[in-house]
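Chemist: Pasted the sequence and its predicted model underneath.
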Amino acid sequence: MNNHKMKGATKAVIRLNQLTAADSFPAYVAIHSPQVTANPFALSPNVMLWSDDILLCKVDDCEQFWLAQQQKYQCDLNQFFDRILNYSFGAKYIAVFANHPWQCLVYLSYQVNQQAQGVYFLQSLLNRNIYIKLGWRFWFAPQQTLTHHLEQINAKQFNMASFRSKQAQLKRFINRIGLTGPFALQQADAHAISRRFDVWAGKIWRWTFAQSSNTRSSDLQGFPWIPFAEPLRPSVSRDLEYPLNQWSHIKALLCEDFKKLCLQFKGNENEHINRMLWKITLFNDQVIDVELSFRHPYSLHRESPEFKTAMYQAWYVYDDLMRQLKNRDEDLDLPETMPLLSWSVEVCERIQLPPVLWDLFRHEGLENESSDIKLEDIRELQNKLPTLIEAYHCEANFCPEQSFETSPIGSTPEISFDHLQWSISSNQRPLFYHSESQPIDTPSTKPHQFLERCGSRWWLRDESINQNKDYYVLKNNQGHASWVYRDGEGRWFKQGEYT
(Lines give C-alpha, C1' and ligand atoms only; values in the text may rest on other atoms or scores of the structure.)
Protein backbone atom coordinates (compact mmCIF):
# COMPACT_ATOMS: atom_id res chain seq x y z
CA MET A 1 0.00 0.00 0.00
CA ASN A 2 1.23 3.45 -0.81
CA ASN A 3 2.64 5.10 2.33
CA HIS A 4 2.03 8.62 1.09
CA LYS A 5 0.75 10.81 3.96
CA MET A 6 -1.76 13.55 3.37
CA LYS A 7 -1.02 17.11 4.35
CA GLY A 8 -2.29 18.22 7.72
CA ALA A 9 -2.70 14.69 9.12
CA THR A 10 -1.73 14.80 12.80
CA LYS A 11 -3.36 11.66 14.22
CA ALA A 12 -1.63 8.31 14.50
CA VAL A 13 -1.79 6.40 11.24
CA ILE A 14 -3.72 3.14 11.28
CA ARG A 15 -2.95 1.27 8.08
CA LEU A 16 -5.03 -1.47 6.55
CA ASN A 17 -2.29 -4.01 7.22
CA GLN A 18 -2.80 -3.40 10.93
CA LEU A 19 -6.39 -4.62 10.70
CA THR A 20 -7.31 -8.26 11.08
CA ALA A 21 -6.60 -10.25 7.96
CA ALA A 22 -10.06 -11.82 7.98
CA ASP A 23 -11.91 -8.55 7.74
CA SER A 24 -10.19 -5.38 6.56
CA PHE A 25 -13.29 -3.24 6.13
CA PRO A 26 -15.69 -2.57 9.04
CA ALA A 27 -19.45 -3.05 8.84
CA TYR A 28 -20.64 -0.23 11.13
CA VAL A 29 -19.53 3.08 12.60
CA ALA A 30 -20.77 5.04 15.61
CA ILE A 31 -20.21 8.81 15.26
CA HIS A 32 -20.33 11.17 18.25
CA SER A 33 -20.84 14.85 17.46
CA PRO A 34 -23.34 17.62 18.29
CA GLN A 35 -23.80 17.94 14.49
CA VAL A 36 -24.78 14.34 13.64
CA THR A 37 -28.08 15.40 12.06
CA ALA A 38 -26.42 17.99 9.80
CA ASN A 39 -25.68 15.32 7.18
CA PRO A 40 -26.69 11.89 8.53
CA PHE A 41 -26.18 10.20 5.15
CA ALA A 42 -22.57 11.28 4.67
CA LEU A 43 -21.23 7.70 4.85
CA SER A 44 -24.18 5.42 4.17
CA PRO A 45 -27.85 5.39 3.15
CA ASN A 46 -28.58 3.05 6.07
CA VAL A 47 -28.33 4.99 9.35
CA MET A 48 -29.87 5.10 12.82
CA LEU A 49 -30.04 8.07 15.17
CA TRP A 50 -28.95 6.44 18.44
CA SER A 51 -29.16 9.64 20.48
CA ASP A 52 -29.07 13.39 19.98
CA ASP A 53 -25.30 13.27 19.52
CA ILE A 54 -24.62 9.69 18.32
CA LEU A 55 -25.29 8.35 14.83
CA LEU A 56 -24.92 4.73 13.70
CA CYS A 57 -24.12 3.99 10.04
CA LYS A 58 -23.91 0.70 8.16
CA VAL A 59 -20.84 1.56 6.09
CA ASP A 60 -20.37 -1.79 4.37
CA ASP A 61 -23.42 -0.97 2.25
CA CYS A 62 -20.99 1.24 0.28
CA GLU A 63 -17.84 -0.81 0.87
CA GLN A 64 -16.83 -1.09 -2.80
CA PHE A 65 -17.22 2.64 -3.29
CA TRP A 66 -15.24 3.66 -0.21
CA LEU A 67 -12.41 1.25 -0.96
CA ALA A 68 -12.29 2.50 -4.55
CA GLN A 69 -12.08 6.10 -3.35
CA GLN A 70 -9.42 5.24 -0.79
CA GLN A 71 -7.38 3.53 -3.50
CA LYS A 72 -7.93 6.46 -5.83
CA TYR A 73 -6.53 9.01 -3.36
CA GLN A 74 -3.75 6.71 -2.14
CA CYS A 75 -4.25 7.33 1.57
CA ASP A 76 -4.99 5.28 4.66
CA LEU A 77 -8.60 4.53 5.56
CA ASN A 78 -8.46 6.48 8.81
CA GLN A 79 -7.07 9.55 7.01
CA PHE A 80 -9.69 9.19 4.31
CA PHE A 81 -12.64 8.98 6.70
CA ASP A 82 -11.14 11.67 8.95
CA ARG A 83 -11.39 14.25 6.17
CA ILE A 84 -14.98 13.34 5.32
CA LEU A 85 -16.15 13.19 8.95
CA ASN A 86 -14.34 16.40 9.86
CA TYR A 87 -16.10 18.20 7.03
CA SER A 88 -19.54 16.70 7.79
CA PHE A 89 -19.59 16.71 11.60
CA GLY A 90 -16.97 19.19 12.78
CA ALA A 91 -13.47 18.82 14.19
CA LYS A 92 -14.57 17.44 17.57
CA TYR A 93 -16.21 14.29 16.28
CA ILE A 94 -15.37 10.76 17.47
CA ALA A 95 -15.94 7.81 15.12
CA VAL A 96 -15.57 4.14 16.07
CA PHE A 97 -15.64 1.53 13.27
CA ALA A 98 -16.38 -2.12 14.13
CA ASN A 99 -18.32 -5.13 12.87
CA HIS A 100 -21.29 -4.77 15.21
CA PRO A 101 -23.00 -1.54 16.30
CA TRP A 102 -22.95 -2.54 19.98
CA GLN A 103 -19.16 -2.87 19.93
CA CYS A 104 -19.00 0.57 18.30
CA LEU A 105 -21.12 2.03 21.11
CA VAL A 106 -19.18 0.40 23.95
CA TYR A 107 -15.82 1.59 22.65
CA LEU A 108 -17.31 5.00 21.83
CA SER A 109 -18.41 5.43 25.46
CA TYR A 110 -14.78 4.89 26.49
CA GLN A 111 -13.42 7.40 23.95
CA VAL A 112 -16.04 10.00 24.96
CA ASN A 113 -14.93 9.55 28.57
CA GLN A 114 -11.32 10.07 27.42
CA GLN A 115 -12.41 13.26 25.61
CA ALA A 116 -10.78 11.86 22.49
CA GLN A 117 -11.24 12.91 18.87
CA GLY A 118 -10.85 11.31 15.47
CA VAL A 119 -11.20 7.85 13.91
CA TYR A 120 -10.81 4.51 15.70
CA PHE A 121 -10.93 1.10 14.00
CA LEU A 122 -11.79 -1.67 16.43
CA GLN A 123 -10.11 -4.15 14.08
CA SER A 124 -6.71 -2.62 14.79
CA LEU A 125 -4.60 -4.48 17.34
CA LEU A 126 -4.17 -1.43 19.58
CA ASN A 127 -7.87 -0.57 19.81
CA ARG A 128 -8.86 -4.23 20.13
CA ASN A 129 -6.53 -4.65 23.09
CA ILE A 130 -8.04 -1.59 24.76
CA TYR A 131 -11.55 -2.85 24.04
CA ILE A 132 -11.05 -6.21 25.73
CA LYS A 133 -9.72 -4.47 28.86
CA LEU A 134 -12.62 -2.01 29.23
CA GLY A 135 -14.36 -1.82 32.61
CA TRP A 136 -18.03 -2.54 33.27
CA ARG A 137 -19.13 1.10 33.31
CA PHE A 138 -18.43 1.45 29.57
CA TRP A 139 -20.40 -1.72 28.90
CA PHE A 140 -23.37 -0.52 30.95
CA ALA A 141 -23.30 3.06 29.61
CA PRO A 142 -25.02 2.44 26.21
CA GLN A 143 -27.70 0.27 27.85
CA GLN A 144 -29.52 3.36 29.10
CA THR A 145 -30.29 4.46 25.55
CA LEU A 146 -30.76 0.87 24.38
CA THR A 147 -33.70 0.35 26.73
CA HIS A 148 -35.46 3.43 25.36
CA HIS A 149 -35.14 2.05 21.81
CA LEU A 150 -36.42 -1.36 22.92
CA GLU A 151 -39.46 0.31 24.47
CA GLN A 152 -39.98 2.40 21.33
CA ILE A 153 -40.26 -0.67 19.09
CA ASN A 154 -42.10 -2.81 21.70
CA ALA A 155 -39.31 -5.37 21.54
CA LYS A 156 -40.35 -8.95 22.15
CA GLN A 157 -39.63 -10.27 25.69
CA PHE A 158 -38.52 -6.85 26.90
CA ASN A 159 -39.92 -5.38 30.12
CA MET A 160 -38.24 -2.25 31.49
CA ALA A 161 -38.87 -2.98 35.15
CA SER A 162 -37.71 -6.58 34.86
CA PHE A 163 -34.62 -5.60 32.88
CA ARG A 164 -33.64 -2.94 35.44
CA SER A 165 -34.05 -5.42 38.25
CA LYS A 166 -31.94 -8.08 36.53
CA GLN A 167 -29.37 -5.43 35.59
CA ALA A 168 -28.99 -4.48 39.27
CA GLN A 169 -28.66 -8.17 40.12
CA LEU A 170 -25.89 -8.55 37.53
CA LYS A 171 -24.03 -5.56 38.97
CA ARG A 172 -24.17 -7.07 42.47
CA PHE A 173 -22.89 -10.37 41.06
CA ILE A 174 -19.85 -8.87 39.32
CA ASN A 175 -19.02 -6.71 42.35
CA ARG A 176 -19.19 -9.73 44.64
CA ILE A 177 -16.78 -11.83 42.59
CA GLY A 178 -14.53 -8.89 41.69
CA LEU A 179 -14.56 -9.03 37.89
CA THR A 180 -12.92 -6.01 36.22
CA GLY A 181 -14.82 -6.09 32.92
CA PRO A 182 -16.89 -8.19 30.49
CA PHE A 183 -13.86 -9.98 29.02
CA ALA A 184 -12.93 -11.26 32.47
CA LEU A 185 -16.15 -13.31 32.18
CA GLN A 186 -16.03 -14.02 28.45
CA GLN A 187 -16.21 -17.79 29.02
CA ALA A 188 -19.81 -17.33 30.21
CA ASP A 189 -22.37 -18.60 27.73
CA ALA A 190 -24.91 -16.10 26.39
CA HIS A 191 -27.71 -18.59 27.05
CA ALA A 192 -26.65 -18.86 30.68
CA ILE A 193 -26.68 -15.05 30.98
CA SER A 194 -30.18 -15.03 29.46
CA ARG A 195 -31.51 -17.62 31.90
CA ARG A 196 -30.11 -15.89 34.96
CA PHE A 197 -30.18 -12.18 34.15
CA ASP A 198 -32.72 -11.56 31.33
CA VAL A 199 -33.10 -12.49 27.66
CA TRP A 200 -31.88 -9.08 26.52
CA ALA A 201 -28.85 -9.24 28.81
CA GLY A 202 -27.94 -12.44 26.97
CA LYS A 203 -28.28 -10.71 23.61
CA ILE A 204 -26.09 -7.81 24.75
CA TRP A 205 -23.57 -10.38 25.94
CA ARG A 206 -23.55 -12.03 22.50
CA TRP A 207 -23.08 -8.67 20.74
CA THR A 208 -20.11 -7.85 22.98
CA PHE A 209 -18.11 -10.88 21.87
CA ALA A 210 -19.44 -11.22 18.33
CA GLN A 211 -16.76 -12.16 15.86
CA SER A 212 -16.50 -10.46 12.46
CA SER A 213 -17.49 -13.61 10.59
CA ASN A 214 -20.82 -13.62 12.43
CA THR A 215 -21.63 -9.95 12.05
CA ARG A 216 -21.09 -9.26 8.37
CA SER A 217 -23.89 -8.94 5.85
CA SER A 218 -26.40 -7.19 8.09
CA ASP A 219 -26.45 -9.87 10.82
CA LEU A 220 -27.36 -7.65 13.78
CA GLN A 221 -28.19 -10.62 16.05
CA GLY A 222 -31.32 -8.92 17.35
CA PHE A 223 -29.87 -5.43 17.73
CA PRO A 224 -32.78 -2.93 17.50
CA TRP A 225 -31.86 -1.08 14.33
CA ILE A 226 -34.34 1.77 13.77
CA PRO A 227 -33.75 3.45 10.36
CA PHE A 228 -33.44 7.21 10.43
CA ALA A 229 -36.69 8.57 9.04
CA GLU A 230 -36.23 10.76 5.99
CA PRO A 231 -38.71 13.66 5.85
CA LEU A 232 -39.58 12.82 2.25
CA ARG A 233 -38.47 10.25 -0.31
CA PRO A 234 -38.20 11.74 -3.81
CA SER A 235 -40.70 9.97 -6.07
CA VAL A 236 -42.50 10.39 -9.39
CA SER A 237 -45.70 8.68 -10.56
CA ARG A 238 -46.98 8.27 -14.12
CA ASP A 239 -50.35 7.06 -15.45
CA LEU A 240 -50.01 6.18 -19.11
CA GLU A 241 -52.57 7.42 -21.61
CA TYR A 242 -52.46 4.04 -23.35
CA PRO A 243 -50.68 0.70 -22.65
CA LEU A 244 -47.01 0.59 -23.64
CA ASN A 245 -44.76 -2.38 -24.35
CA GLN A 246 -42.04 -0.86 -26.52
CA TRP A 247 -38.85 -0.06 -24.66
CA SER A 248 -38.04 2.99 -26.80
CA HIS A 249 -41.26 4.70 -25.65
CA ILE A 250 -40.85 3.55 -22.04
CA LYS A 251 -37.27 4.84 -22.04
CA ALA A 252 -38.33 8.31 -23.23
CA LEU A 253 -40.95 8.61 -20.48
CA LEU A 254 -38.56 7.31 -17.82
CA CYS A 255 -36.09 9.98 -18.89
CA GLU A 256 -38.74 12.63 -18.19
CA ASP A 257 -39.38 11.09 -14.76
CA PHE A 258 -35.67 11.13 -13.89
CA LYS A 259 -35.59 14.83 -14.77
CA LYS A 260 -38.43 15.41 -12.31
CA LEU A 261 -36.48 13.53 -9.64
CA CYS A 262 -33.50 15.79 -10.26
CA LEU A 263 -35.70 18.82 -9.61
CA GLN A 264 -36.74 17.35 -6.27
CA PHE A 265 -33.09 17.30 -5.22
CA LYS A 266 -33.14 21.08 -5.78
CA GLY A 267 -29.82 21.10 -7.62
CA ASN A 268 -27.92 19.59 -4.68
CA GLU A 269 -24.83 18.05 -6.29
CA ASN A 270 -24.04 16.10 -3.11
CA GLU A 271 -27.08 13.84 -3.55
CA HIS A 272 -26.20 10.36 -4.80
CA ILE A 273 -28.46 7.34 -5.17
CA ASN A 274 -27.83 3.74 -4.10
CA ARG A 275 -31.21 2.23 -4.87
CA MET A 276 -34.46 3.18 -6.60
CA LEU A 277 -37.77 1.31 -6.55
CA TRP A 278 -39.63 1.05 -9.86
CA LYS A 279 -43.23 0.00 -9.14
CA ILE A 280 -44.85 -1.17 -12.38
CA THR A 281 -48.57 -1.81 -13.03
CA LEU A 282 -49.03 -4.34 -15.82
CA PHE A 283 -51.83 -4.63 -18.36
CA ASN A 284 -53.56 -7.27 -16.18
CA ASP A 285 -53.45 -4.83 -13.20
CA GLN A 286 -50.71 -6.82 -11.50
CA VAL A 287 -48.28 -4.58 -9.59
CA ILE A 288 -44.63 -5.64 -9.59
CA ASP A 289 -41.77 -3.94 -7.74
CA VAL A 290 -38.30 -4.00 -9.31
CA GLU A 291 -35.11 -2.37 -8.06
CA LEU A 292 -32.64 -0.15 -9.87
CA SER A 293 -29.52 -0.59 -7.75
CA PHE A 294 -26.03 0.86 -8.21
CA ARG A 295 -22.74 -0.59 -7.00
CA HIS A 296 -21.38 2.90 -6.42
CA PRO A 297 -23.41 5.95 -5.32
CA TYR A 298 -24.88 7.38 -8.51
CA SER A 299 -25.57 11.03 -9.31
CA LEU A 300 -28.65 11.61 -11.47
CA HIS A 301 -28.02 15.27 -12.22
CA ARG A 302 -24.49 14.62 -13.56
CA GLU A 303 -25.91 12.41 -16.33
CA SER A 304 -28.81 14.68 -17.25
CA PRO A 305 -30.51 14.72 -19.69
CA GLU A 306 -29.81 11.16 -20.93
CA PHE A 307 -29.24 9.36 -17.58
CA LYS A 308 -27.34 6.55 -19.29
CA THR A 309 -26.42 4.62 -16.14
CA ALA A 310 -29.96 4.66 -14.77
CA MET A 311 -31.30 3.66 -18.19
CA TYR A 312 -28.94 0.69 -18.38
CA GLN A 313 -30.16 -0.54 -15.00
CA ALA A 314 -33.81 0.06 -15.97
CA TRP A 315 -33.33 -1.92 -19.19
CA TYR A 316 -31.71 -4.86 -17.35
CA VAL A 317 -34.57 -5.21 -14.85
CA TYR A 318 -37.25 -4.57 -17.52
CA ASP A 319 -35.80 -7.16 -19.88
CA ASP A 320 -35.47 -9.70 -17.06
CA LEU A 321 -39.05 -9.02 -15.93
CA MET A 322 -40.44 -9.51 -19.43
CA ARG A 323 -38.62 -12.84 -19.80
CA GLN A 324 -39.97 -14.06 -16.47
CA LEU A 325 -43.52 -13.09 -17.40
CA LYS A 326 -43.20 -14.75 -20.79
CA ASN A 327 -42.01 -18.02 -19.23
CA ARG A 328 -44.74 -17.88 -16.60
CA ASP A 329 -47.59 -17.14 -19.04
CA GLU A 330 -46.38 -19.03 -22.11
CA ASP A 331 -49.54 -21.16 -22.17
CA LEU A 332 -51.79 -18.08 -22.24
CA ASP A 333 -52.78 -16.01 -25.25
CA LEU A 334 -50.97 -12.84 -24.17
CA PRO A 335 -48.72 -10.34 -25.99
CA GLU A 336 -45.10 -11.38 -26.26
CA THR A 337 -44.15 -8.33 -24.17
CA MET A 338 -46.60 -7.47 -21.42
CA PRO A 339 -47.84 -3.85 -21.78
CA LEU A 340 -47.55 -1.40 -18.88
CA LEU A 341 -50.39 0.78 -17.59
CA SER A 342 -48.56 2.94 -15.06
CA TRP A 343 -45.54 3.14 -12.80
CA SER A 344 -43.85 5.09 -10.06
CA VAL A 345 -40.15 5.62 -9.35
CA GLU A 346 -39.01 6.23 -5.79
CA VAL A 347 -35.52 6.90 -4.41
CA CYS A 348 -35.20 4.35 -1.58
CA GLU A 349 -31.58 4.76 -0.53
CA ARG A 350 -29.36 7.77 -1.05
CA ILE A 351 -26.14 9.15 0.31
CA GLN A 352 -25.01 12.77 0.50
CA LEU A 353 -21.36 12.74 -0.51
CA PRO A 354 -19.68 15.92 0.76
CA PRO A 355 -17.77 18.15 -1.68
CA VAL A 356 -14.66 17.44 0.38
CA LEU A 357 -14.45 14.16 -1.51
CA TRP A 358 -13.47 16.15 -4.60
CA ASP A 359 -12.25 19.49 -3.22
CA LEU A 360 -9.95 18.87 -0.27
CA PHE A 361 -8.51 15.67 -1.71
CA ARG A 362 -7.81 17.12 -5.12
CA HIS A 363 -4.12 17.05 -6.04
CA GLU A 364 -3.29 15.37 -2.74
CA GLY A 365 -2.04 11.81 -2.98
CA LEU A 366 -2.68 11.50 -6.71
CA GLU A 367 0.15 10.06 -8.73
CA ASN A 368 -1.13 11.57 -11.95
CA GLU A 369 -4.38 12.94 -13.30
CA SER A 370 -4.71 10.40 -16.10
CA SER A 371 -4.87 7.45 -13.69
CA ASP A 372 -7.55 9.30 -11.71
CA ILE A 373 -9.68 9.67 -14.84
CA LYS A 374 -9.35 5.98 -15.67
CA LEU A 375 -10.53 4.99 -12.19
CA GLU A 376 -13.57 7.24 -12.52
CA ASP A 377 -14.34 5.68 -15.91
CA ILE A 378 -14.13 2.20 -14.40
CA ARG A 379 -16.40 3.19 -11.52
CA GLU A 380 -19.02 4.53 -13.94
CA LEU A 381 -18.73 1.38 -16.07
CA GLN A 382 -19.34 -0.78 -12.98
CA ASN A 383 -22.60 1.06 -12.37
CA LYS A 384 -23.73 0.44 -15.96
CA LEU A 385 -22.95 -3.27 -16.19
CA PRO A 386 -25.20 -6.03 -14.79
CA THR A 387 -22.19 -7.91 -13.38
CA LEU A 388 -19.25 -6.83 -11.23
CA ILE A 389 -15.89 -6.00 -12.84
CA GLU A 390 -13.04 -8.00 -11.34
CA ALA A 391 -9.27 -7.50 -11.51
CA TYR A 392 -6.52 -10.01 -10.77
CA HIS A 393 -2.77 -10.06 -10.33
CA CYS A 394 -0.21 -12.84 -10.64
CA GLU A 395 0.88 -14.80 -7.55
CA ALA A 396 3.98 -16.97 -7.16
CA ASN A 397 2.32 -20.36 -6.68
CA PHE A 398 2.90 -23.75 -8.30
CA CYS A 399 -0.82 -24.59 -8.09
CA PRO A 400 -2.49 -23.07 -11.19
CA GLU A 401 -5.79 -22.45 -9.39
CA GLN A 402 -3.91 -20.43 -6.75
CA SER A 403 -1.52 -18.57 -9.04
CA PHE A 404 -3.61 -15.39 -9.04
CA GLU A 405 -5.50 -13.22 -6.57
CA THR A 406 -8.13 -10.53 -6.83
CA SER A 407 -7.00 -6.93 -6.48
CA PRO A 408 -8.84 -3.60 -6.23
CA ILE A 409 -9.79 -2.04 -9.55
CA GLY A 410 -7.05 0.30 -10.72
CA SER A 411 -4.52 -0.77 -8.10
CA THR A 412 -0.91 -1.70 -8.85
CA PRO A 413 0.21 -4.41 -6.41
CA GLU A 414 3.82 -4.50 -5.29
CA ILE A 415 5.47 -7.57 -6.84
CA SER A 416 8.10 -9.13 -4.56
CA PHE A 417 9.12 -11.88 -7.02
CA ASP A 418 10.20 -12.36 -10.62
CA HIS A 419 6.89 -11.78 -12.34
CA LEU A 420 8.06 -12.90 -15.80
CA GLN A 421 8.56 -16.62 -15.19
CA TRP A 422 5.15 -16.98 -13.55
CA SER A 423 3.44 -15.00 -16.30
CA ILE A 424 5.01 -17.18 -19.00
CA SER A 425 3.78 -20.35 -17.30
CA SER A 426 0.21 -19.02 -17.34
CA ASN A 427 0.12 -18.03 -21.01
CA GLN A 428 -1.64 -21.24 -22.05
CA ARG A 429 -4.10 -21.32 -19.15
CA PRO A 430 -7.72 -20.31 -19.79
CA LEU A 431 -9.47 -17.14 -18.76
CA PHE A 432 -12.42 -18.91 -17.10
CA TYR A 433 -11.83 -21.20 -14.10
CA HIS A 434 -14.40 -23.37 -12.36
CA SER A 435 -14.69 -22.62 -8.64
CA GLU A 436 -14.10 -26.33 -8.01
CA SER A 437 -12.65 -28.91 -10.38
CA GLN A 438 -15.31 -31.18 -11.89
CA PRO A 439 -14.77 -34.95 -12.27
CA ILE A 440 -15.17 -36.14 -15.88
CA ASP A 441 -15.03 -39.47 -17.66
CA THR A 442 -11.77 -40.61 -19.17
CA PRO A 443 -11.61 -38.90 -22.60
CA SER A 444 -12.45 -41.25 -25.48
CA THR A 445 -10.06 -39.33 -27.73
CA LYS A 446 -6.53 -38.18 -27.10
CA PRO A 447 -6.35 -34.66 -25.60
CA HIS A 448 -5.50 -32.00 -28.13
CA GLN A 449 -2.40 -30.66 -26.37
CA PHE A 450 -0.30 -31.35 -23.25
CA LEU A 451 0.38 -28.12 -21.32
CA GLU A 452 2.25 -28.68 -18.07
CA ARG A 453 2.77 -30.90 -15.05
CA CYS A 454 2.15 -29.34 -11.65
CA GLY A 455 2.41 -30.61 -8.12
CA SER A 456 -0.55 -30.42 -5.76
CA ARG A 457 -0.38 -29.38 -2.11
CA TRP A 458 0.82 -32.81 -1.03
CA TRP A 459 1.75 -31.62 2.46
CA LEU A 460 -1.94 -31.24 3.27
CA ARG A 461 -2.65 -34.91 2.56
CA ASP A 462 -1.80 -38.15 4.32
CA GLU A 463 -0.24 -39.64 1.19
CA SER A 464 2.27 -37.68 -0.89
CA ILE A 465 2.49 -40.29 -3.65
CA ASN A 466 0.96 -39.69 -7.09
CA GLN A 467 -0.11 -36.16 -6.34
CA ASN A 468 1.05 -34.65 -9.63
CA LYS A 469 -1.42 -33.10 -12.11
CA ASP A 470 -0.92 -33.28 -15.88
CA TYR A 471 -2.83 -30.46 -17.63
CA TYR A 472 -4.20 -30.76 -21.19
CA VAL A 473 -6.40 -28.97 -23.70
CA LEU A 474 -9.38 -31.20 -24.43
CA LYS A 475 -11.70 -30.43 -27.37
CA ASN A 476 -15.19 -31.85 -27.90
CA ASN A 477 -16.92 -32.65 -31.21
CA GLN A 478 -18.01 -29.02 -31.61
CA GLY A 479 -14.43 -27.80 -31.19
CA HIS A 480 -14.97 -26.26 -27.74
CA ALA A 481 -11.78 -26.45 -25.68
CA SER A 482 -11.67 -27.22 -21.96
CA TRP A 483 -8.80 -27.11 -19.51
CA VAL A 484 -8.51 -30.55 -17.92
CA TYR A 485 -6.02 -32.51 -15.87
CA ARG A 486 -5.27 -36.11 -14.94
CA ASP A 487 -4.14 -36.76 -11.41
CA GLY A 488 -1.60 -39.37 -10.27
CA GLU A 489 -4.32 -41.99 -9.88
CA GLY A 490 -5.49 -41.62 -13.47
CA ARG A 491 -8.70 -39.70 -12.69
CA TRP A 492 -9.73 -36.86 -14.97
CA PHE A 493 -11.05 -33.44 -13.93
CA LYS A 494 -12.19 -30.30 -15.73
CA GLN A 495 -10.65 -27.11 -14.26
CA GLY A 496 -11.61 -24.36 -16.73
CA GLU A 497 -12.87 -23.32 -20.14
CA TYR A 498 -11.29 -21.56 -23.13
CA THR A 499 -13.26 -18.90 -25.00
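Modeler: Perfect, thanks for sending it. Residues are numbered from 1 along each chain as shown.
Chemist: State the number of residues packed around the closest residue to residue 404 other than its chain neighbours.
Modeler: The shortest distance from residue 404 to any non-neighbouring residue, by C-beta to C-beta, 6 or more residues apart in numbering, is to residue 392 (4.6 Å). C-beta here means a position set from N, CA and C on the backbone, and glycine is covered the same way. Residue 392 is flanked by 11 other residues according to other C-beta atoms under 10 Å.
Chemist: is residue 392 in a bridge, and if so with what?
Modeler: Beta-bridge pairing for residue 392 (DSSP bridges): residue 406.
Chemist: again with residue 292
Modeler: Applying DSSP bridges, one finds that residue 292 bridges with residue 276.
Chemist: ok, now residue 28?
Modeler: Under DSSP bridges, the beta-bridge partners of residue 28 are residue 98.
Chemist: circling back to that earlier point, and the pLDDT for the residue nearest to residue 404?
Modeler: Note for residue 392: predicted pLDDT of 70.
Chemist: Distance check, it against residue 400.
Modeler: Noted for residue 392: a distance of 13 Å to residue 400, by C-beta to C-beta, to the nearest Å.
Chemist: Would you map the strands across the stretch 101-250 of the chain?
Modeler: Assigned by DSSP state E, counting those that start in this stretch, the stretch 101-250 of the chain shows strands spanning 118-121, 235-244.
Chemist: Show me where the chain has its helices.
Modeler: 63-73, 77-89, 101-113, 125-131, 136-140, 143-152, 160-177, 190-197, 199-208, 212-215, 247-264, 308-328, 369-384, 419-425 (DSSP state H).
Chemist: Tabulate those helices in a markdown table, adding columns for distance to residue 435, mean neighbour count and mean pLDDT.
Modeler: What follows is those, written out as a markdown table (distance: least, C-beta to C-beta, whole Å; neighbours: other C-beta atoms under 10 Å; pLDDT from 0 to 100):
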| stretch | distance to residue 435 | mean neighbour count | mean pLDDT |
| --- | --- | --- | --- |
| helix 63-73 | 21 | 20 | 80 |
| helix 77-89 | 30 | 22 | 89 |
| helix 101-113 | 33 | 23 | 97 |
| helix 125-131 | 33 | 15 | 93 |
| helix 136-140 | 42 | 17 | 96 |
| helix 143-152 | 42 | 15 | 95 |
| helix 160-177 | 47 | 13 | 93 |
| helix 190-197 | 35 | 16 | 91 |
| helix 199-208 | 32 | 21 | 95 |
| helix 212-215 | 20 | 16 | 43 |
| helix 247-264 | 35 | 16 | 92 |
| helix 308-328 | 24 | 16 | 88 |
| helix 369-384 | 22 | 15 | 59 |
| helix 419-425 | 22 | 12 | 64 |
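Chemist: Dump these to a markdown table, plus distance to residue 484.
Modeler: Output for the helices of the chain, formatted as a markdown table (distance: least, C-beta to C-beta, whole Å):
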| stretch | distance to residue 484 |
| --- | --- |
| helix 63-73 | 34 |
| helix 77-89 | 43 |
| helix 101-113 | 48 |
| helix 125-131 | 45 |
| helix 136-140 | 57 |
| helix 143-152 | 57 |
| helix 160-177 | 62 |
| helix 190-197 | 49 |
| helix 199-208 | 47 |
| helix 212-215 | 35 |
| helix 247-264 | 42 |
| helix 308-328 | 34 |
| helix 369-384 | 33 |
| helix 419-425 | 17 |
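Chemist: Can you tell me how far residue 313 is from residue 251?
Modeler: 12 Å.
Chemist: Which of the helices of the chain sits closest to residue 492?
Modeler: Closest to residue 492 of these is helix 419-425 (C-beta to C-beta; 21.8 Å).
Chemist: still on that earlier bit, how much space separates the residue nearest to residue 404 from residue 57?
Modeler: Taking C-beta to C-beta, one finds residue 392 at 31 Å from residue 57.
Chemist: Outline the domain layout of the protein.
Modeler: Under the assignment automatic domain parsing, the domains of the chain span 16-215, 235-353, 428-497.
Chemist: What is the end-to-end distance of the shortest one?
Modeler: Start-to-end span of domain 428-497 (C-alpha to C-alpha, to the nearest Å) is 12 Å.
Chemist: Now it: average pLDDT?
Modeler: 82.
Chemist: Can you show me the strands along the stretch 351-499 of the chain?
Modeler: Counting by DSSP E, counting those that start in this stretch, the strands of the stretch 351-499 of the chain are 392-394, 404-406, 432-440, 449-455, 468-475, 481-487, 492-497.
Chemist: what residues does the fifth one touch?
Modeler: With C-beta atoms under 8 Å, 6 or more residues apart in numbering as the test, strand 468-475 has contacts from 400, 428, 443, 447-456, 481-488, 494-495, 498.
Chemist: swap in the longest one?
Modeler: The list of residues contacting strand 432-440 from outside it, by C-beta under 8 Å, 6+ apart, reads 401, 483-485, 491-499.
Chemist: So of these, which two are at opposite extremes in space?
Modeler: Between all members of the contacts of strand 432-440, the farthest pair (by C-beta to C-beta) comes out as 491 and 499, at 26.3 Å.
Chemist: So the two - more neighbours on which side?
Modeler: Remark: of residue 491 and residue 499, residue 491 carries more neighbours, 11 against 7, as counted by other C-beta under 10 Å.
Chemist: Tell me which residues touch the more buried one, please.
Modeler: residue 439.
Chemist: ok, now how distant is it from residue 481?
Modeler: With C-beta to C-beta as the criterion, residue 491 and residue 481 are 20 Å apart.
Chemist: what does residue 265 give?
Modeler: In terms of C-beta to C-beta, residue 265 sits 51 Å off from residue 481.
Chemist: next one: residue 152
Modeler: Residue 152 is 62 Å from residue 481, where distance means C-beta to C-beta.
Chemist: likewise residue 229?
Modeler: Taking C-beta to C-beta, one finds residue 229 at 57 Å from residue 481.
Chemist: out of the two, which sits in the more crowded spot?
Modeler: residue 481 (18 against 6).
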